[in-house]
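Asker: Have a look; sequence and predicted model below, questions after that.
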Amino acid sequence: MLQVQFWITRSQASLMGAEGLHMTHLNAAVGDDWWNIHRDVVESISFHTAADPGSLALTSGDVIGEIHSDIRPWSNVLFDGIKSWHRNCRANHVNCNQTLSKTQSFDCDDVALPTRYIEIIPGDESVLDQSRLRFILREALGERGRYISLSHRWTEKSKDAMTTRENYLCRTRSCAHKTSCSTWGRKDLTELFGEASWLAVNLGITKIWIDSICIIQDDLNDWEKESVKMAEYYQFAWLTIAATQTTPTGGLRSDLQPTDIPRLARLPYRDSNGKQDGYFYLQVVDHKALENDYLRQVTKSELLNRGWVFQEWLLSRRTLSFSGASWGIFMQCQNGDNPQAITGDHVRTQTGLKIDKAFEKNLQMSWSSRPEVFAAWRAVVETYSSSELTQIDEDRLVALSGVAHEYGKALQALEPTGILHGQNELAITACTYSAGIWLGDTFSLLWEQAESQTCSKIQSISTWSWACIKIESNQQDDQRSPRGAQVQWPSFGRRIEPVGRAECAITRHHDGSTWVADSAEPPGTHLNDRYGNKSRFSVLKMRGKVVQVSVDAHLTRDSRITTAGLTEHSLSTGREHWRAVATYKTPEKIAGWASLEHPDYQNDAACRSAQNIVAFFVLTSYSGRPSFALGNIYRSHTIHSVLYLRPVENPTYRPCYERVGVGRLFEVEVSELFQAATEQILWIT
């Protein structure tokens, strides 16, 4: 078959109508079908194009692109490229000028500044001299303007640079020795903090927010107030600098080697009459290397494994991230495009891989109805749940509080005026957030552990919350660092009917020896107080039916596959935890499966000896699949999605239980027991 070589030019649309071809890129492909090549069905090779200053190729307007040959880590070309991208985003992208929930539009040049920010004072000479930068920690006091935020991993050097009660007065120029402390210099910051500040100044921004400096780290009251505001600081920032990769000295960029720069090819330039007059240049764009570099050094970076950083990336409207390659500055906003390298090339994926787990376009967010908001929240939790947190017991929920607050705004925006002020108790409950779950979302109670490792319990978070389980993970330095346990929500089949529901959550606090109730007020009374740690331990009031069950050994692989089909469980992950479940009425027959995450039930003996486990019915759905494999002679059957609970002593709330796991039941006897059971009120801690 005849193969034809095609050359396709790419132009700057803004110059259409001007003289010349205004060519910025050139694509080459070999194939037998022009249409397939044009639609990118056939893989092509892309080149940057450029011409010498003053040459006919440039002055004619035919070749106006740029090649990238600077081995310096920073240059005015890079600064101008970032500023140009930012201007285009602000002017043309509606999503990037709105909050995550789409409930507020804002101008990133005119926002309320964080409680504190670092003012960057350039030296007398060029700002390109980092050593001349000086800094002052400012209290905003209602000031407005624009600022840049930094997303980074804490190191020992970060701790050395942090603001404490001891140095706060000096850093804010409020101390008695003002002459020596009028400003503090580059040497007082880490390499990363200094380079990020220097980058900000070169982008025209003289204010930067860095958590370790702008929050007084040894002041618990200041931390509690500022930690819940951090999400806003990233969301309203002019730009977030994300230190996805750092140099050996801790900076953002280092000098490149000449071999790091893609090679050039020189081609003769011919005018419209075919006469040669000088040359122009091609520089290949290795899209596969670009994609691999981004996936390896940004998406899979240690930074994006951190729990706090997930929120920072999801809320930031415009983000700058880094790798060590020649193109290694990536720009991304919320417009839906893939990340753009500083060279102007977009990261392309041929496999449909979600290259950024923390960007809203990959979480398929929708705000048009309450069920869609709830589904989007579960997707957020599935992504966030396995993140690492150094202080996981304290930060598991607060590190996601800013995102939760945005979801709360989206839910409130869906309700008619007045409903959230006591006129409709059902709506109040639906919009109430407690311990990482929206009480109006019945599905959210049915979370499952999605990985094979054994969990441990976070004692200060309610057992019904996905946030209560954690896993010790091995780091490269052989130190064990805690992370959250990965959770998931599978699909729930057809004709779903809620049969159990949450009626309210009573928040409790620790008085030093025990957990006591804050109040018994209806949920929704203090909506804005429920996104952080204030709701981490709540007693959930439930209405529904319970049936006593027995739990046995793990199911075999074949039994898991069969049982998954019978219960229409769509996900293969997490099934290694499944145990056989039977009712007291037919103990010899498998009635379903249980996935028990509670640490007390991680061996067969403990499960078999448990005489007090009950199934609380949350949802029913219906399947048309026959269940002959496990002795069911009926062609169709009912599927019951349940929580497994065990009783606990509580003098205030009776009967009181704690969650030990989740599962599904399907036997006819289960449906009979469910129908015969009496609906009751119970409490889950």
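Answerer: Okay, I see it.
Asker: tell me the contacts of residue 196?
Answerer: Contacts were defined as Cβ atoms under 8 Å, 6 or more residues apart in numbering; by that measure residue 196 touches 148, 150, 208, 210, 241, 243, 252. C-betas here are computed from N, CA, C, even on glycine.
Asker: Look up how far residue 169 lies from it.
Answerer: According to Cβ to Cβ, to the nearest Å, residue 196 and residue 169 sit 24 Å apart.
Asker: Just to be sure, which of the contacts of residue 196 are found in strands?
Answerer: The members of these that map onto strands under DSSP state E are 148, 150, 208, 241.
Asker: Tally up the residues packed near the last one, please.
Answerer: Other residues within reach of residue 241, judged by other Cβ atoms under 10 Å, total 26.
Asker: in the stretch 451-600 of the chain, which ranges drop under the pLDDT threshold?
Answerer: Across the stretch 451-600 of the chain, residues meeting the criterion (pLDDT under 70) sit at 473-480, 493, 508-529.
Asker: residue boundaries of the helices in it?
Answerer: In the stretch 451-600 of the chain, the helices defined using DSSP state H, counting those that start in this stretch lie at 557-566.
Asker: need the contact list for residue 647.
Answerer: Contacts of residue 647 (Cβ under 8 Å, 6+ apart): 612, 655, 656, 657.
Asker: Please convert the contacts of residue 196 to a markdown table, extending it with pLDDT.
Answerer: Compiled in a markdown table, these are given as follows (pLDDT from 0 to 100):
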| residue | pLDDT |
| --- | --- |
| 148 | 99 |
| 150 | 97 |
| 208 | 98 |
| 210 | 97 |
| 241 | 98 |
| 243 | 94 |
| 252 | 89 |
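Asker: who wins for neighbours among those residues?
Answerer: residue 208 (28 neighbours).
Asker: for the nearest residue to residue 323 once chain neighbours are set aside, phi and psi?
Answerer: In space, residue 323 comes closest to residue 297 once its chain neighbours are excluded; the distance is 3.7 Å by Cβ to Cβ, 6 or more residues apart in numbering. Backbone geometry at residue 297, expressed as degrees, to the nearest 10, gives phi -100, psi -10.
Asker: what pLDDT does residue 297 get?
Answerer: pLDDT recorded at residue 297 is 86.
Asker: Surely it is in contact with residue 329?
Answerer: No. Using Cβ atoms under 8 Å, residue 297 is not in contact with residue 329, being 11.5 Å away.
Asker: neighbour count winner among those two?
Answerer: When residue 297 and residue 329 are compared for neighbours, residue 329 comes out ahead with 22 against 19, by other Cβ under 10 Å.
Asker: who's that one bridged to?
Answerer: Beta-bridge partners of residue 329, counted by DSSP bridges, are residue 322.
Asker: Look up how far residue 586 lies from it.
Answerer: Using Cβ to Cβ, one obtains 64 Å as the distance from residue 329 to residue 586.
Asker: swap in residue 131?
Answerer: For residue 131, the distance to residue 586 equals 79 Å [Cβ to Cβ].
Asker: out of those two, which sits in the busier spot?
Answerer: Applying other Cβ under 10 Å to residue 131 and residue 586 shows that residue 586 carries more neighbours, namely 15 against 10.
Asker: so where do the helices sit in the stretch 251-400 of the chain?
Answerer: Per DSSP H, counting those that start in this stretch, the stretch 251-400 of the chain carries helices over the ranges 287-294, 307-315, 370-384, 392-395.
Asker: among those helices, which is nearest residue 650?
Answerer: helix 392-395 (21.9 Å; Cβ to Cβ).
Asker: Which neighbouring elements make contact with the closest one?
Answerer: Contacts defined by 3 or more Cβ pairs under 8 Å, 6 or more residues apart in numbering; DSSP states H and E place helix 392-395 against helix 307-315, strand 480-484.
Asker: immediately after it, which helix or strand?
Answerer: Next in sequence after helix 392-395, counting helices and strands by DSSP states H and E, comes helix 401-414.
Asker: What lies in contact with that next one?
Answerer: Outside helix 401-414, the residues that touch it by Cβ under 8 Å, 6+ apart are 99-104, 227-228, 230-232, 234-235, 311, 314-315, 367, 369-370, 373, 376-377, 380, 420, 430-431, 433, 436, 438, 527-528, 531-532.
Asker: Write the ChimeraX selection for whichever of these are buried.
Answerer: Below is the selection syntax for ChimeraX that covers the buried ones among the contacts of helix 401-414, with 16 or more other Cβ atoms under 10 Å defining burial:
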select :99,100,101,227,228,230,231,232,234,235,311,314,315,367,370,373,376,377,380,420,430,431,433,436,438,527,531,532
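Asker: Let's see which of the contacts of helix 401-414 end up in strands.
Answerer: Per DSSP E, the contacts of helix 401-414 map to strands at 433, 438.
Asker: Quick check: the gap between residue 162 and residue 447.
Answerer: Shown here: residue 162 relative to residue 447, a distance of 36 Å by Cβ to Cβ.
Asker: Which strand residues bridge residue 119?
Answerer: residue 136, residue 207.
Asker: can you pull the pLDDT of it?
Answerer: According to the prediction, residue 119 has pLDDT 96.
Asker: Surely it touches residue 139?
Answerer: No. Using Cβ under 8 Å, residue 119 makes no contact with residue 139, being 10.8 Å away.
Asker: farthest-separated two in the ones in strands among the contacts of residue 196?
Answerer: Between any two of the ones in strands among the contacts of residue 196, the greatest separation by Cβ to Cβ is 8.4 Å, found for 208 and 241.
Asker: Pull up the overlap in contacts between the two.
Answerer: Contact criterion Cβ under 8 Å, 6+ apart; residues shared by residue 208 and residue 241: 148, 149, 150, 196, 200.
Asker: so the third one makes contact with residue 244?
Answerer: No. Using Cβ under 8 Å, residue 150 is not in contact with residue 244; the gap is 11.9 Å.
Asker: Am I right that residue 436 is in contact with residue 380?
Answerer: No. In this structure, residue 436 is not within contact of residue 380 by Cβ under 8 Å, at 10.1 Å.
Asker: so what sits against both of these two?
Answerer: Residues within reach of residue 436 and of residue 380 at once, by Cβ under 8 Å, 6+ apart, are residue 400.
Asker: for the stretch 201-350 of the chain, which spans come out with low pLDDT?
Answerer: 326, 349-350.
Asker: Good, wrapping up.
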